[in-house]
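[1] can't give you the sequence, but here's the structure:
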């Protein structure tokens, strides 16, 4: 098992590429540094995506998220960068990343960034009685 953070993301083939289905991943231990003060920022990341041909491998995702621990980043920038990196390796049909940062100076910050493949549209929502 690796004991080092890594910026390398890995994927595996989607086992059901003909079906739209949602993968939800909760990452409760994200940390980075405030670029102004150098103090740690803590967040819970919520990743939701509909895979196309590939899914993100979880151990690689864990090491990738860990790689931000000593990096200074604004909340908005780090959320969008993580989304861009994941889209680049997975090319999902749809992906949304929500970052819920813990309080800093009495302010909570949530950042939501999303990607949608061109020409992809979701299946209609089914409401059951």
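    Noted; the coordinates are in hand. The shown structure was predicted, so the numbers you read here are calculated from the model rather than taken from an experiment.
[2] helix/strand/coil for residue 113?
    Classification of residue 113 by DSSP: H, G, I helix; E, B strand; the rest coil places it in strand.
[3] by contact count, what packs against the helix ranked longest in the chain?
    For the chain, the helix reaching the highest residue count under DSSP state H is reported as helix 75-90. Here helix 75-90 is seen to pack against strand 40-50, strand 54-56, strand 94-104, strand 107-116 when contacts are counted using 3 or more CB pairs under 8 Å, 6 or more residues apart in numbering; DSSP states H and E. Every residue, glycine included, has its C-beta placed from N, CA and C.
[4] would you list those strands in CSV and tack on distance to residue 12 and mean pLDDT?
    Converted to CSV, those look like this (distance: least, CB to CB, whole Å; pLDDT from 0 to 100):
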stretch, distance to residue 12, mean pLDDT
strand 40-50, 14, 97
strand 54-56, 6, 98
strand 94-104, 16, 96
strand 107-116, 20, 96
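[5] could you dump those to TSV with mean neighbour count and distance to residue 66?
    Shown next, in TSV, are these (neighbours: other CB atoms under 10 Å; distance: least, CB to CB, whole Å):
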stretch	mean neighbour count	distance to residue 66
strand 40-50	19	12
strand 54-56	19	15
strand 94-104	18	16
strand 107-116	14	20
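[6] who wins for proximity to residue 67 among those strands?
    Distance to residue 67, taken as CB to CB, is lowest for strand 40-50 among the helices and strands packed on helix 75-90, at 13.4 Å.
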